[in-house]
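Q: One predicted model, sequence on top.
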Amino acid sequence: RDVERNVEVPHANIVAMRVVMIFAIVLAIFGPFNFIGIRLMTRLHPRRKRIVYALAILCNVMWLFLPILNSRTDFSRLMRAVLGPPWFGWLAFVIVYSVPLALARLGGETFQRRVSRVFLWLVLIAIPIGYYTALVPLRIEHVKVQTPGGKKLVVIADLHTGLFTRPSRLEQIFRTAAEQHPDAILLAGDLIDDDPHFTPKLLAATRVVPPSIPILATLGNHETYGAPLEHIAQLRGSRIRLLVNEGYALGNVWIAGLSDYAALQNHPELAPNLDAALRGKPADAIPIVVAHQPRAFADAKKRGIPLTLTAHTHGGQVGFRPLHWTLAGLFVKYDMGPYREGASELYVNTGTGYWLLPFRLGLTPEITVVELR
């Protein structure tokens, strides 16, 4: 017992130090944008000062609760669900607002004020559209891949099941997936929002899927951030077959389920291992890698694997599909849809749910139907 205590205390100290460091870094990055955004709005729209200050205070209350968000209590879950969306939305707003408004200053204060008004009106119009898009419609994306196998696979990802996730919405997603009559439904990570407390809600929604359709899943970074071992234990023997560096034979197709790369820091024992996921594959089986993050494509290409299915980016939850443009594309190489490099192909699902803020503009929640031809 003394040895266990000695191990737990240093580990707790390390976790606490990481939390403090992350908090300091986040504050250092977003603090200036908060100041600049508030300063610009109160200067350009002095009659709206009270509204600006009230919104700024309300949307920044979340900072006070950041240290306890992973405490996994009913109170912390409520604070995350209630205060998280306005906090994240406000931070995104002040960043996007500050940059063009700072540039507009070159045209004089009158021009800057006009730009600000146009920007604010566009935001007010976009909010209800983005809210509706995130919560109501579903887009079924059909993808034909020139890979042997003759199977139909449905990919769902980034559900981020949490406190306010509607069970009816989860059932609608699984029912729609089942109506495509796939050979398997693949859940490409981030099925819950950190806390395995919500795993039973996810599992309950799978009841609408006929038993004849296997449901296979991989870990995402958000499962890894929380309590992944508890999440894994809840899924073992359940309707969802979780593949943690494991394979699954689907006829002549081998589904290689890769763990998430976030585990490299938080849970090394769960680190991605493609060799383990391919272990046991019949010599004539067609391998397909299913992982959460598109970075798995690099490992798959090295082994000549023909197809990799991933998610993770959400497309930044803002984009324009016809032009293959997303907000996430400004920061990552593989952000949306199909990519082919050599003999290997990658498909990035842009998410069937949303993270924290129920807002999607131009990127309807996606269910991907992959047909192997």
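A: On my side now, so go ahead.
Q: contacts, neighbours, all on C-alpha from now
A: Will do.
Q: End to end on stretch 184-196, go ahead and measure it.
A: Chord length of stretch 184-196, first to last residue, is 24 Å (CA to CA, to the nearest Å).
Q: Okay, buried residues for it please.
A: Buried residues in stretch 184-196, counting neighbours by 16 or more other CA atoms under 10 Å, are found at 184-196.
Q: and of those residues, the nearest to Ile51?
A: Among the buried residues of stretch 184-196, Asp193 lies closest to Ile51 (CA to CA), at 31.6 Å.
Q: Surely Tyr97 touches Phe35?
A: No. Contact between Tyr97 and Phe35 fails when scored by CA atoms under 8 Å: they sit 11.8 Å apart.
Q: any idea whether Phe119 is helix, strand or coil?
A: Put simply, Phe119 is helix when judged by DSSP: H, G, I helix; E, B strand; the rest coil.
Q: what's the spacing between it and Arg48?
A: Here the criterion is CA to CA. By it, Phe119 lies 15 Å from Arg48.
Q: between the two, which one's more packed in?
A: Phe119 (15 against 12; other CA atoms under 10 Å).
Q: In contact with that one, which residues are there?
A: Phe119 is in contact with Tyr97, counting by CA atoms under 8 Å, 6 or more residues apart in numbering.
Q: what about Thr110, helix or strand, and which?
A: Assigned by DSSP states H and E, Thr110 falls within helix 109-135.
Q: Would you mark the buried spots in that helix?
A: Residues 112-113, 116, 127, 130, 132-135 are the ones in helix 109-135 that count as buried (16+ other CA under 10 Å).
Q: Next: stretch 82-93.
A: 83-91, 93.
Q: got the residues you listed as TSV, with distance to Gly162 and pLDDT columns?
A: Compiled in TSV, those are given as follows (distance: CA to CA, whole Å; pLDDT from 0 to 100):
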residue	distance to Gly162	pLDDT
Leu83	13	96
Gly84	12	95
Pro85	12	96
Pro86	16	96
Trp87	17	94
Phe88	16	94
Gly89	18	95
Trp90	20	95
Leu91	21	93
Phe93	23	95
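Q: Now for Gln57, how many residues are close by?
A: Careful, residue 57 is Ile and not Gln. Other residues close to Ile57 by other CA under 10 Å number 11.
Q: What pLDDT does the model give it?
A: At Ile57, the model reports a pLDDT of 95.
Q: Over to Phe30?
A: With respect to pLDDT, Phe30 has a value of 82.
Q: List the buried residues in stretch 317-335.
A: Of the residues in stretch 317-335, 317-319, 325-329, 334-335 count as buried by neighbour count, 16+ other CA under 10 Å.
Q: can you pull out the helices in this protein?
A: Per DSSP state H, the chain carries helices over the ranges 2-44, 49-60, 74-104, 109-135, 167-178, 199-205, 221-225, 228-235, 263-266, 274-278, 296-302.
Q: of those, which approaches Gly342 most closely?
A: Taking CA to CA, helix 296-302 is the member of these nearest to Gly342, at 8.3 Å.
Q: now the closest residue in space to Gly319 that isn't next to it in sequence: how far from Thr313?
A: Nearest in space to Gly319, with sequence neighbours left out and distances taken as CA to CA, 6 or more residues apart in numbering, is Thr326 at 3.9 Å. Per CA to CA, Thr326 is found 9 Å from Thr313.
Q: Spell out which residues are contacts of both of those two.
A: Joint contacts of Thr326 and Thr313 (CA under 8 Å, 6+ apart) are 335-336.
Q: Please tell me the pLDDT value assigned to the nearest residue to Ser116 once chain neighbours are set aside.
A: With CA to CA, 6+ apart as the criterion, Ser116 has its nearest non-adjacent residue at 6.6 Å, and that residue is Leu101. Confidence at Leu101, expressed as pLDDT, is 92.
Q: And stretch 274-282, how far out from the chain middle?
A: Relative to the mean C-alpha coordinate of its chain, stretch 274-282 is positioned 26 Å out (CA atoms, centre = their mean, to the nearest Å).
Q: Just the CA coordinates for it, please, in PDB.
A: Below are the C-alpha coordinates for stretch 274-282, written out as PDB (Å, rounded to 0.1, in the frame of the first residue of the first chain):
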ATOM      1  CA  LEU A 274      -0.400  -1.100 -36.600                       C
ATOM      2  CA  ASP A 275       1.600  -4.300 -36.500                       C
ATOM      3  CA  ALA A 276      -0.600  -5.600 -33.700                       C
ATOM      4  CA  ALA A 277      -3.700  -4.500 -35.500                       C
ATOM      5  CA  LEU A 278      -2.600  -6.500 -38.600                       C
ATOM      6  CA  ARG A 279      -1.600  -9.500 -36.600                       C
ATOM      7  CA  GLY A 280      -3.700 -12.500 -37.600                       C
ATOM      8  CA  LYS A 281      -4.700 -11.200 -40.900                       C
ATOM      9  CA  PRO A 282      -5.100 -14.000 -43.500                       C
END
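Q: Other residues contacting it?
A: By CA under 8 Å, 6+ apart, the list of residues contacting stretch 274-282 reads 244-247, 249, 254, 256-258, 287, 299.
Q: Recalculate using a threshold of 6 Å.
A: For stretch 274-282, the external contacting residues (CA atoms under 6 Å, 6 or more residues apart in numbering) are 245-247, 256.
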